[in-house]
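J.: Got a predicted model here, sequence first, then my questions.
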Amino acid sequence: MKLKERKYYNGIHYFIDKENQVVKLEQNFHQNLLKNMGTWNGFKKIGGSSIGDVLQTDAYKSEFLAFIRMAKLDMPILDTKYIDAGVAIEPMVINVIREKSKQEIEVFPPEKYAYDYFKGKDDIIGGIPDGYIKKLNMILEIKTTGIKNLEKWENGEIPVAYLKQAQLYSYLMNCDTFAIVATFLHPEDYDNPQNYPIKERKIRTYKFKTNVAQIEDDIQKIKKWYTHYTNLGISPKYNQKIDGELLDYLECRNQQEWNDLLKKWQILGKVKISE
């Protein structure tokens, strides 16, 4: 992977307030994000990857991270192993569902929808559903996860963030039901996901009815949170334990400090960069 050039730095575009454990956006930077809301130059909408952070679906979720993403200050992905697996394997799962169900499945290429299927339909919440079965009026959310999680998932311990994300998309598309379809990878599968032996791996489908009252409550909370923090320009409090690596990234005041941090992370094996 090759990291994108960094645009924003501590002391220029934002300030870390260690006493109050928050990040404050620089005034002009903040106003520009507000002025360009709804465009590539404004605050980002809340996408599928941030829903769980805003709603605090487990002890490892971070409102601080959701704010940093929203303000376009988030750090680059240092190792794309899990993303690469999803990109390569999710279409394989869709094909398996097509073959077994004999149903037509609509997919939504991110590039076609500018990475937001709900653009123009919702001003705050965005994202890309993985699939839609029109005949069943059902949203599909495809997940790739490790085989170590199979027993938990079979016992009903599906990550709440996944359920919230899928149900949100289901509601926004007026679907009665949604399904999370997971395939469980062995450790070696992450090395060459394009060669994933899907017929030799387990695939499980978990179906749910869209709980309208629950998701409307979630949406109300998400929009209240978004409006508050975009207008405030100050993040929720960070947690050093959960947000420590992100804070190290945000501490950088210039390109040299960022280069030094990258070298440190490379030595520690946290980053894989192709030149």
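T.: Nice, I can see it.

J.: Only C-alpha atoms from now on, for both contacts and neighbour counts.
T.: Fine.

J.: what's the residue closest to the geometric middle of the chain?
T.: The chain has residue 49 as the residue nearest its centroid, 1.9 Å off, counting by CA atoms, centre = their mean.

J.: And the contacts of the helix or strand containing it?
T.: Using DSSP states H and E, residue 49 falls within helix 48-55. With CA atoms under 8 Å, 6 or more residues apart in numbering as the test, helix 48-55 has contacts from 58, 61-63, 65-66, 126-128, 160-162, 164-165, 218, 221-222, 225.

J.: now the residue nearest to the centre of the chain: how far from residue 63?
T.: Distance, residue 49 to residue 63, using CA to CA, to the nearest Å: 12 Å.

J.: cool, and residue 189?
T.: 32 Å.

J.: quick one: which of the two has more around it?
T.: Neighbour tally, residue 189 and residue 63, criterion other CA atoms under 10 Å: the higher count belongs to residue 63, 22 against 16.

J.: Tell me, domain by domain, which residues of this protein belong where.
T.: Domain ranges of the chain: 14-77+220-267, 81-218, per automatic domain parsing.

J.: Please, where are all the strands along the stretch 101-250 of the chain?
T.: 131-133, 138-146, 177-185, 203-209 (DSSP state E, counting those that start in this stretch).

J.: so can I have a markdown table of those showing distance to residue 93 and mean neighbour count?
T.: Below are the strands of the stretch 101-250 of the chain laid out as a markdown table (distance: least, CA to CA, whole Å; neighbours: other CA atoms under 10 Å):
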| stretch | distance to residue 93 | mean neighbour count |
| --- | --- | --- |
| strand 131-133 | 11 | 20 |
| strand 138-146 | 7 | 22 |
| strand 177-185 | 8 | 21 |
| strand 203-209 | 8 | 15 |
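
J.: Save those strands as a markdown table, and put in mean pLDDT and distance to residue 235 too.
T.: Shown next, in a markdown table, are the strands of the stretch 101-250 of the chain (pLDDT from 0 to 100; distance: least, CA to CA, whole Å):
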| stretch | mean pLDDT | distance to residue 235 |
| --- | --- | --- |
| strand 131-133 | 97 | 34 |
| strand 138-146 | 97 | 30 |
| strand 177-185 | 98 | 32 |
| strand 203-209 | 97 | 34 |
